[in-house]
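K.L.:
Mind folding the following:
(2 chains)
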Amino acid sequence: MNLLAQLRRSIGEWLGGSEGTKQIGVYGPPNSGKSTLSNKMLRDWDRNEMGPESEVPHQTRQVKKKEGVVIESDSGDVELDIADTPGVETKVSAEEFMEFDLDEDAAQTRAREATQGISESISWLKSDIDGVLYVIDSTEDPTAQVNAMILGIIEEMEVPTLVLANKIDLEEESDVERVEEAYPDHKVVPVSAKEGLNMDELYDEIVRTFGR
Amino acid sequence: MTGNEIELEILREESLNRMGDEEKVSRIMNSVRNNKIVVLEGGLTSEEEARVVERVMELIDGEDFTGIEIESHRSTSEDSGLMDRFLNRDEGQDSLTIVGPEGTLESIDKNDSTISTMISLRRGV
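P.N.:
As a prediction, the model looks like this:
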């Protein structure tokens, strides 16, 4: 582990993570299923939800955190503080929200909040996390520049990461192999957060990856 | 500049290397906000790209400036995987980053040796 990673981890513990509790960020592009995944995990282990899910991009416009979620599997257990983060992309316009029947004022407000959320997402990534669940929509091209950028930062910081190939319930469009080929250095876990498919394997990988 | 013209700016690697991080990001943003497409010889690191995106989010006004397109190509050795090329992990290899106003770079195709980009005139660059 490099000096920066050690320092970041120490600061993270000092800032409030209780000993042994891991700060996990759920990252990915807009509409990849981050909030659906976070809510599914909380329903399974905490009986609460993080926040609303939506087809409209940028439903999550600020980092939402749930503390002390204990995940168990056959190989052990791990306590996580889970943060659902706004989707990162390089452009935001009010027009894209108006396509989802939002009026002009609401669309502009949403666009402004989305830009702030993206900045918050990036700065949070660079501060105090112990691990990342990176959610990719397996029906889309996994080589989008935003994925490369975020995973590049994660690699430089040496943060343990699981890549989730989400939406495998969309059998005809989903292509998990394409995700695995794009990110051969990462463990790729195929899931459907919406339908709850393959969640046991995911929980097992979470315990193995972040429980150390 | 008329509606049918595009200004393409190529920033040499040696010139970029002389700039500090903040100066580099400001230089890129000034050009893109003036509807120029910027080609950066040597490319940007993931961290630098993120800094550009953070700056973009501060500057978006929803009307004249709605964002950017950014694409990087990392040229690496034959043994390198796709991730190595993305992350610019093979030092000393040729890399390239293209940044333009939102909606100007289309049909981008990347492979081992080339990066192909269709430049759209729809936004009146």
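K.L.:
Can you tell me how far residue A:97 is from residue A:188?
P.N.:
As defined by Cβ to Cβ, to the nearest Å, residue A:97 lies at a distance of 31 Å from residue A:188. For the C-beta atoms, the positions are set from N, CA and C on the backbone; glycine is no exception.
K.L.:
which parts of chain A sit against chain B?
P.N.:
Proximity of chain A to chain B, by Cβ under 8 Å from any Cβ of the partner chain, involves residues A:88-95, A:108, A:111-112, A:115-116, A:118-119, A:122-123, A:125-126, A:143, A:145, A:148-153, A:155-156, A:181-186.
K.L.:
Now go through the residues you listed and say which are in helices.
P.N.:
A:94-95, A:108, A:111-112, A:115-116, A:118-119, A:122-123, A:125, A:145, A:148-153, A:155-156, A:181-182 (DSSP state H).
K.L.:
Break down chain A into its strands, ranges please.
P.N.:
Assigned by DSSP state E, the strands in chain A fall at A:22-27, A:64-73, A:76-84, A:131-137, A:161-166, A:187-190.
K.L.:
Now distance to residue A:57, mean pLDDT and mean neighbour count too, for these, in JSON lines please.
P.N.:
Formatted as JSON lines, the entries for the strands of chain A read as follows, by distance: least, Cβ to Cβ, whole Å; pLDDT from 0 to 100; neighbours: other Cβ atoms under 10 Å in any protein chain shown:
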{"stretch": "strand A:22-27", "distance to residue A:57": "15", "mean pLDDT": "94", "mean neighbour count": "25"}
{"stretch": "strand A:64-73", "distance to residue A:57": "16", "mean pLDDT": "92", "mean neighbour count": "16"}
{"stretch": "strand A:76-84", "distance to residue A:57": "15", "mean pLDDT": "94", "mean neighbour count": "20"}
{"stretch": "strand A:131-137", "distance to residue A:57": "12", "mean pLDDT": "97", "mean neighbour count": "25"}
{"stretch": "strand A:161-166", "distance to residue A:57": "15", "mean pLDDT": "98", "mean neighbour count": "25"}
{"stretch": "strand A:187-190", "distance to residue A:57": "23", "mean pLDDT": "97", "mean neighbour count": "19"}
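K.L.:
Include distance to residue A:200 when you put these into a markdown table, please.
P.N.:
As requested, the strands of chain A are arranged in a markdown table below (distance: least, Cβ to Cβ, whole Å):
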| stretch | distance to residue A:200 |
| --- | --- |
| strand A:22-27 | 18 |
| strand A:64-73 | 7 |
| strand A:76-84 | 14 |
| strand A:131-137 | 16 |
| strand A:161-166 | 14 |
| strand A:187-190 | 11 |
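K.L.:
among these, which is nearest residue A:211?
P.N.:
Put simply, out of the strands of chain A the one that sits nearest residue A:211 is strand A:76-84, at 3.7 Å, with distance taken as Cβ to Cβ.
K.L.:
Counting by contacts, list what the closest one packs against.
P.N.:
On a contact count with 3 or more Cβ pairs under 8 Å, 6 or more residues apart in numbering or on different chains; DSSP states H and E, strand A:76-84 meets strand A:22-27, helix A:34-45, strand A:64-73, helix A:199-210.
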